[in-house]
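Asks: Got a sequence here, can you build the structure:
(2 chains)
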Amino acid sequence: MLMLAMTAAACTGSSGPDRLIVSAASSLAGTFGEIATVYENEHPGVKIDLNIGGSQRLREQINEGAPVDVFASANMSAMDGVVESGAGVGSPAVFALNSLVIGVPVGNPAGVSTLADFADASRLLGICAEQVPCGSYALEAFALAGVVPSIDSLEPDAGALVLKLELGELDAGVVYRTDAERSDARFESFPIPAEHNVVARYPIVALTNRPHVDDFIEFVLSDRGRAILEANGFEMP
Amino acid sequence: MSDHTPPSNDQRRIPGRPPLVIILLAGVGLLFFALPLIGLVFETPWAELPDLIRSDVVLDALRLSLIASVLATIVSVVIGIPIAYVLARVDFRGRSVVRGIVLLPLVLPPVVGGAALLFALGRRGIVGEPLYDATGIVLPFSMTGVVLAVTFVAMPFVVLTVEGALRNIDRRYEGAAASLGASQWTVLRRVTLPMIAPSILSGVALAWARAFGEFGATITFAGNIQGRTQTMPLAVFVALESDRAAATALSVVMIIVALVVLFALRDRFWSTS
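Replies: Residues are numbered from 1 along each chain as shown, chains lettered A, B, ... in the order given. Below you'll find the predicted structure:
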């Protein structure tokens, strides 16, 4: 919040670059970083400030009046919370899809490969907290598979969960497919069958009428934006 | 800035009144601390508070926080005072480096502290892995993990206050006791520790408060499961995302508990003089 306030204070002057503040879900961190860089290169004089966080927290910030221009969420529910409060300009558009995989440390020491294995109390298993999208999606998947999981850690976000998998401190976790497909991912993964998997819908919406906001969203929805998203493991709606 | 005019009636009635600038700055500072509390009081759903407090989430978190913070304070005192004693009284090479290391948790972001604890004591950690291979003991993701994490951030407060006190007391009293035939242990027990008791007390208060409020190291090292490792700060964090009323209730409970404990640790109740 402090960063947003400082940025808002900094852009009260008329000189200097046009700044766009984009709040994006944690799972979009790397991808939106790339998109922002490409956009800035093509539009000199525009600077994009990425505000990364859990979708629910970003929604809270927006509803509390944070000066955000664009909101990209990892689930529809956080976006609904923003739209219902009247903060959105225009309606949200789904720009990407994600799904879940089972993440395990390199070498899979505990031999976990299916959702059913998460019912094993003797293993150290983690998912994201229910309040963040990756957690609620994971719980949906368990429900679809009819598994009652024995969870040892509810991580505050997907990044923390991935860290513990990479360190081998957890035997397995339910993470986003995009996290597993990153080139610098240092853990292994197993797919979840489609009938138990969830389709994570990522919507984006404009929150202000400031210059370049619509243009930026169009860019995300354009072929070039889609190419960057797909290169990072997202699927298209 | 000194006043050369004879003291007025006002100054005789209020001896030693601080300069106005000091009072103004202190007032602004107090406001800075009071405003968030006032904001919290306004946000609190007082009517629903009794029900919210009785919920499992809150009671579990409170129980875990109290147990962990008390255990951490005890460990911090039992281990922290010897560390402080060695740092204050024993001259050895690299002493300032050692002191820096002991005080490191004070400046490390707590999440970094938690990650460092994982690197050392996690299942694949430097010490944790041999421990796990030999005994099957897993330190993180358990109550033990919570106590370790909060002790890590809290102990430096005891070391800091006690070492400062040990350096500042008049050592002639200890010398006198020793010359009268008291053993080192007796000198420590009957002279040194009572002399630094107020500092130990403030170290205890700081360490307890720090342990009670710890978040980053706990969630990184110990996990976040209700009833097992979800302490109050973790419960507030999680609730903040989805249930503002519960988060506020938890915050209010934390503040009340903290005020009660810090009040009980006031010097006046414990002073031996």
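
Asks: So is stretch B:138-152 next to chain A?
Replies: Yes: contact between stretch B:138-152 and chain A, assessed by CB under 8 Å from any CB of the partner chain, occurs at B:138, B:140-141. To be clear about C-beta, it is placed using only N, CA and C from the backbone, and glycine gets the same treatment.

Asks: Which member of these is positioned nearest chain A?
Replies: For those, the residue nearest chain A by CB to the nearest CB is B:Phe141; the value is 4.7 Å.

Asks: before we move on, back to that, let me have the residues of stretch B:138-152 next to chain A in a markdown table, extended by neighbour count, pLDDT and secondary structure.
Replies: Listed next are those as a markdown table, based on neighbours: other CB atoms under 10 Å in any protein chain shown; pLDDT from 0 to 100; DSSP: H, G, I helix; E, B strand; the rest coil:
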| residue | neighbour count | pLDDT | secondary structure |
| --- | --- | --- | --- |
| B:Val138 | 18 | 87 | coil |
| B:Pro140 | 28 | 89 | coil |
| B:Phe141 | 26 | 87 | coil |
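
Asks: for chain A, what's the longest strand?
Replies: The single longest strand within chain A, with elements called by DSSP state E, is strand A:89-98.

Asks: Go through it and flag the buried ones.
Replies: Residues A:92, A:95-96, A:98 are the ones in strand A:89-98 that count as buried (16 or more other CB atoms under 10 Å in any protein chain shown).

Asks: So what touches the next helix or strand after that strand?
Replies: Next helix or strand after strand A:89-98 toward the C-terminus (DSSP states H and E): strand A:100-104. Taking contacts as CB atoms under 8 Å, 6 or more residues apart in numbering or on different chains, the residues outside strand A:100-104 that touch it are A:110, A:112-115, A:117, A:134, A:137-138, A:141, A:161-162, A:165, A:171-177, A:179-180, A:187-192, A:197-198, A:200.

Asks: can you list the residues of chain B near chain A?
Replies: Contact residues, chain B versus chain A (CB under 8 Å from any CB): B:115, B:118-119, B:122-124, B:138, B:140-141, B:219-220, B:223-225, B:229-230, B:237-242.

Asks: Just give me the neighbour total for B:Thr135.
Replies: 8 (other CB atoms under 10 Å in any protein chain shown).

Asks: pLDDT score for it?
Replies: Reading off the confidence values, B:Thr135 has pLDDT 91.

Asks: what helices or strands is the longest strand of chain A leaning on?
Replies: When contacts are defined as 3 or more CB pairs under 8 Å, 6 or more residues apart in numbering or on different chains; DSSP states H and E, strand A:89-98 sits against helix A:76-84, strand A:200-206, helix A:213-221, helix A:223-231.

Asks: quick one: which of those is nearest chain B?
Replies: Distance to chain B, taken as CB to the nearest CB, is lowest for helix A:76-84 among these, at 9.4 Å.

Asks: Would you mind listing the buried residues in the closest one?
Replies: A:76, A:78-79, A:81-83.

Asks: can you put those residues in TSV and add distance to B:Leu30 and pLDDT?
Replies: Formatted as TSV, the buried residues of helix A:76-84 follow (distance: CB to CB, whole Å; pLDDT from 0 to 100):
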residue	distance to B:Leu30	pLDDT
A:Met76	45	94
A:Ala78	38	92
A:Met79	41	94
A:Gly81	36	90
A:Val82	37	92
A:Val83	41	93
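
Asks: Including distance to chain B, could these go into a markdown table?
Replies: Output for those, formatted as a markdown table (distance: CB to the nearest CB, whole Å):
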| residue | distance to chain B |
| --- | --- |
| A:Met76 | 15 |
| A:Ala78 | 9 |
| A:Met79 | 15 |
| A:Gly81 | 10 |
| A:Val82 | 14 |
| A:Val83 | 17 |
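
Asks: Output these in a markdown table; the columns should cover distance to B:Glu43.
Replies: Listed next are the buried residues of helix A:76-84 as a markdown table, based on distance: CB to CB, whole Å:
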| residue | distance to B:Glu43 |
| --- | --- |
| A:Met76 | 28 |
| A:Ala78 | 21 |
| A:Met79 | 25 |
| A:Gly81 | 18 |
| A:Val82 | 21 |
| A:Val83 | 24 |
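
Asks: how about low-confidence regions in chain A?
Replies: Within chain A, the ranges that satisfy pLDDT under 70 run A:1-16.

Asks: quick one: contacts for the residue most central in space within it?
Replies: Central residue of chain A (CA atoms, centre = their mean): A:Ser27, 2.8 Å from the mean position. Contact analysis of A:Ser27 by CB under 8 Å, 6+ apart lists A:74, A:98, A:133-134, A:158, A:176, A:178-179.

Asks: now those in TSV, with distance to B:Ser199 and secondary structure?
Replies: Formatted as TSV, those follow (distance: CB to CB, whole Å; DSSP: H, G, I helix; E, B strand; the rest coil):
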residue	distance to B:Ser199	secondary structure
A:Ala74	50	coil
A:Asn98	55	strand
A:Pro133	48	helix
A:Cys134	47	helix
A:Ala158	45	helix
A:Tyr176	50	strand
A:Thr178	53	helix
A:Asp179	48	helix
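
Asks: Closest one to B:Ala84 out of these, please.
Replies: Among the contacts of A:Ser27, A:Ala158 lies closest to B:Ala84 (CB to CB), at 41.3 Å.

Asks: Tell me how many other residues surround the residue nearest to that closest one when sequence neighbours are not counted.
Replies: Distances taken as CB to CB, 6 or more residues apart in numbering or on different chains place A:Cys134 nearest to A:Ala158, at 4.6 Å, with adjacent residues excluded. A count of neighbours around A:Cys134, defined by other CB under 10 Å, yields 30.

Asks: sorry, back to before: of the residues of chain B next to chain A, buried ones?
Replies: When the residues of chain B next to chain A are checked for burial by 16+ other CB under 10 Å, the buried set is B:115, B:118, B:122-123, B:138, B:140-141, B:219-220, B:223-225, B:229-230, B:237-242.

Asks: Tell me which stretches of chain A form strands.
Replies: Along chain A, counting by DSSP E, strands occupy A:18-25, A:46-53, A:70-72, A:89-98, A:100-104, A:125-128, A:153-155, A:172-176, A:188-191, A:200-206.

Asks: A:Ala185 and chain B, how far apart?
Replies: Here A:Ala185 is placed at a distance of 17 Å from chain B (CB to the nearest CB, to the nearest Å).

Asks: From A:Gly54, how far off is that residue?
Replies: According to CB to CB, to the nearest Å, A:Ala185 and A:Gly54 sit 20 Å apart.

Asks: The two: which is more packed in?
Replies: Of the pair A:Ala185 and A:Gly54, A:Gly54 is the one with more neighbours under other CB under 10 Å, namely 25 against 18.

Asks: need the residues of chain A near chain B, please.
Replies: A:54, A:56-57, A:60, A:124, A:126, A:129-132, A:151-156, A:160, A:163-164, A:167-169.

Asks: how many neighbours does the residue in chain A positioned nearest to chain B have?
Replies: Chain B sits closest to A:Ser153 of chain A, with a gap of 3.4 Å, by CB to the nearest CB. The number of residues packed near A:Ser153 is 27, by other CB under 10 Å.
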